[in-house]
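1. Here is the input, now give the coordinates:
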Amino acid sequence: MQILVVADSEPMRRLYANVLADEGIDMVTAASKDEALTLIEPAVTLVITDLEMDGGAGLELVRVLRSGHPELPIICMGSDPYLLSQAS
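-> Now for the predicted structure:
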């Protein structure tokens with residue numbers, strides 16, 4: 001299992017990396033939607049993404065992943081209830 005963590009905040013990426021590494025989980029991180037899309041193949045089995053990235057990139061990433069990888073589980077982070085409702 002490999003998890004892809006996407007967040008434009010370096011401290012947030014580091015936090016997830018530390019937590020997942022402590023659990024022995026294989027993971028990669030991306031700082032942007034474009035970087036995430038280059039890392040998605042072939043081994044990623046779960047995506048954790050921040051919806052509140054600059055320019056709506058988090059929500060756009062979810063839309064692209066849902067259309068190209070409909071079976072891929074995605075966990076969305078964020079505090080904006082509107083964005084969270086749009087990602088489902």
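2. Identify the residues contacting Val62.
-> Shown here is Val62, whose contacts under the criterion CB atoms under 8 Å, 6 or more residues apart in numbering are Thr49, Leu51, Ile74, Cys76, Ala87. Bear in mind the C-beta positions are built from the backbone N, C-alpha and C, glycine included.
3. wait, Val64
-> Counting by CB under 8 Å, 6+ apart, the residues that Val64 touches are Lys33, Leu37.
4. For it, pull up the helix or strand it's in.
-> With elements taken from DSSP states H and E, the one containing Val64 is helix 57-68.
5. Repeat that for Leu4.
-> Assigned by DSSP H and E, Leu4 belongs to strand 2-6.
6. So which other helices or strands are in contact with that strand?
-> Contact here means 3 or more CB pairs under 8 Å, 6 or more residues apart in numbering; DSSP states H and E; on that basis strand 2-6 packs against helix 10-22, strand 26-30, helix 33-39, strand 44-50.
7. mind redoing it with 6 Å?
-> In terms of contacts (3 or more CB pairs under 6 Å, 6 or more residues apart in numbering; DSSP states H and E), strand 2-6 is packed against strand 26-30, strand 44-50.
8. Need those in a markdown table (columns: mean pLDDT).
-> A markdown table is the format used below for those (pLDDT from 0 to 100):
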| stretch | mean pLDDT |
| --- | --- |
| strand 26-30 | 92 |
| strand 44-50 | 93 |
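9. would you list those strands in JSON lines and tack on distance to Ala57 and mean neighbour count?
-> Below are those laid out as JSON lines (distance: least, CB to CB, whole Å; neighbours: other CB atoms under 10 Å):
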{"stretch": "strand 26-30", "distance to Ala57": "11", "mean neighbour count": "18"}
{"stretch": "strand 44-50", "distance to Ala57": "9", "mean neighbour count": "19"}
